[in-house]
Each structure stands twice: as C-alpha cells, then as structure tokens.
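> Turn this into a model:
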Amino acid sequence: MNKTELVAAIAGDVELSKAEAARLLEALLENLTKALARGEAVQLIGFGNFTVASRPERTGRNPSTGEQMTIKASKSPKFAAGKALRDAVNAAA
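Numbering: from 1, shown residues only. A predicted model of the protein is given here:
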C-alpha cells in the first residue's frame, strides 16, 4: 500500500474527502516527525512506539580505498510494534 492508497482507505473509512484525509495524514506525519526531532518518544497504544536511538561516533573503512575514516555520531528513528499490531499481522498469516 502506498501513500495514495492509504489516503483513499482513510477517506473511505471515516467518510472524508481524499483532500481532507491527505491533510490529516500529513498532519499526523509532520507532528510525529517533530516529536522525534525533539527527542521525544511517541506511543500509539495498540499500534507501537516510535523512539530515537543515538549512535555513537565510530571508526569505519572506505570500501573503495580501505582507508579508515570516522563515521559521525547520529540519531536514528526506531519503531517497535505493539502487541495488538503483532497479533493482527500474525492472525492474517
């Protein structure tokens, strides 16, 4: 399912226009992104948790030259599925 299909499904489920459903989805994703950028966790009961994990600076190798290089510290978003989501996925399988 891509974003257009998701918007259409949301619009059909809650009886909104596709434009309203698209704005709703955009607002959800924007607020989720802003919260994660602030380092906050987002917990959606029954769906899952979005968190931010920190990766420390480390030494790596340039694959083309083999030369050692420093890989900068970074933050990465993580998602852990909730029990209800895991159960729904496993029931469908």
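> Would you mind splitting this protein into its domains for me?
As assigned by automatic domain parsing, the chain contains the domains 1-39, 41-93.
> Deepest in the core, which of the ones you listed is it.
Using mean count of other C-beta atoms under 10 Å, the stretch among the domains of the chain with the largest mean neighbour count is domain 1-39, at a mean of 12. Just so you know, the C-beta spots here come from the backbone N, C-alpha and C atoms, and that holds for glycine as well.
> so how far is that domain off the chain centroid?
13 Å (C-alpha atoms, centre = their mean, to the nearest Å).
> likewise stretch 38-56?
9 Å.
> Am I right that residue 10 is in contact with residue 20?
No: applying C-beta atoms under 8 Å, one finds residue 10 not in contact with residue 20, separated by 9.1 Å.
> and for the lowest-mean-pLDDT helix or strand in the chain, what are the contacting residues?
Lowest by mean pLDDT, DSSP states H and E among the helices and strands of the chain is helix 83-92, with a mean of 92. With C-beta atoms under 8 Å, 6 or more residues apart in numbering as the test, helix 83-92 has contacts from 46-48, 81.
> go again using 7 Å as the cut-off
Residues outside helix 83-92 that contact it (C-beta atoms under 7 Å, 6 or more residues apart in numbering): 46-48.
> One more: stretch 51-68?
Applying C-beta under 7 Å, 6+ apart, the set of residues contacting stretch 51-68 from outside is 36, 39, 41, 69-78.
> now the end-to-end length of it.
31 Å (C-alpha to C-alpha, to the nearest Å).
> Can you list the low-confidence ranges for the chain?
Low-confidence segments of the chain, defined by pLDDT under 70: 93.
> do that again at 80, thanks
Across the chain, residues meeting the criterion (pLDDT under 80) sit at 92-93.
> mind listing the helices for it?
Listed in chain order, the helices of the chain (DSSP state H) span 3-14, 18-37, 83-92.
> Just send those helices back as CSV, with distance to residue 61 too.
Listed next are the helices of the chain as CSV, based on distance: least, C-beta to C-beta, whole Å:
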stretch, distance to residue 61
helix 3-14, 37
helix 18-37, 30
helix 83-92, 37
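> before we move on, the earlier item: need the max-distance pair from the contacts of stretch 51-68.
The largest separation in the contacts of stretch 51-68, counting by C-beta to C-beta, is between 41 and 69 at 31.7 Å.
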